[in-house]
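1. Please find the sequence and the predicted model below.
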Amino acid sequence: MKKMFYLLIASFFVFTSCNFAPGSYPSAEIYEFEVSEDVLIYAVENFKKENPEYNLPNQERFKDGRRNKKDHWYHVWFYYSKDNEIVKCWIRGNKVAFIGLGDGLNLDNYMEVNNDFTRKENKVQIEKFEKLILNRIKEYTH
């Protein structure tokens, strides 16, 4: 009977552990670069300067940067003006993460990649991010 109980408990943890992913952004799509965090931040800043259509219009709420001195992530916000969507990302070390996106300038219907989209929708969103933003940021890291 004890063996059955332990087997049942172990099975419960195995099957539910996927829903309890660690960290603040467990489902983010993460990309690693061969450059420092400072170079990545500089690349994003230059990309946004030269491509202002990816900047959020008149926004005080969604500012790029760290929220405070203890923040691990350098938060970055992009805007798909044609689709009226805000894209949430972060930079930490030599990594950039695509976290999610929402409709309008208030993040309505916010959805996280690798979590809230269907497999097909997720693939479309990741490919869109890579094409419109990530691959173009890479050009600024050289």
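-> Received it, and whenever you're ready, just let me know what you need.

2. Going by C-alpha atoms from here, please, whenever you check contacts or count neighbours.
-> Noted.

3. all helices of the protein, in order?
-> 2-16, 37-50, 119-129, 135-138 (DSSP state H).

4. Among these, show the one with the smallest mean pLDDT.
-> Looking at the helices of the chain, the lowest mean pLDDT belongs to helix 2-16 (a mean of 47).

5. what's the burial count for Gln59?
-> By the criterion of other C-alpha atoms under 10 Å, Gln59 has 10 neighbours.

6. distance of it from Arg119?
-> Gln59 is 31 Å from Arg119, where distance means C-alpha to C-alpha, to the nearest Å.

7. Please apply the same query to Val96.
-> 21 Å.

8. Give me the more crowded residue out of those two.
-> Taking neighbours as other C-alpha under 10 Å, Val96 and Arg119 compare with Val96 leading, 24 against 11.

9. Chain neighbours aside, what residue packs nearest to that one?
-> Tyr31 (5.2 Å; C-alpha to C-alpha, 6 or more residues apart in numbering).

10. roughly how far apart are Tyr74 and Glu53?
-> In terms of C-alpha to C-alpha, Tyr74 sits 21 Å off from Glu53.

11. the more surrounded of those two?
-> More neighbours surround Tyr74 than the other of Tyr74 and Glu53, with 18 against 14 (other C-alpha under 10 Å).

12. Pull the contacting residues for that one.
-> Asp64, Gly65, Arg66, Trp90, Ile91, Arg92 (C-alpha atoms under 8 Å, 6 or more residues apart in numbering).

13. Give me the subset of these that lies in strands.
-> Trp90, Ile91, Arg92 (DSSP state E).

14. Surely Tyr140 and Lys49 touch.
-> No - counting by C-alpha atoms under 8 Å, Tyr140 does not reach Lys49; the two are 11.5 Å apart.

15. Between the two, tell me which one has more neighbours.
-> Taking neighbours as other C-alpha under 10 Å, Tyr140 and Lys49 compare with Tyr140 leading, 15 against 12.

16. wait, Ile41 sits on Trp90?
-> No - the pair Ile41 / Trp90 is not scored as a contact, 9.8 Å apart, by C-alpha under 8 Å.

17. anything in contact with each of these two?
-> With C-alpha under 8 Å, 6+ apart as the test, Ile41 and Trp90 reach no residue in common.
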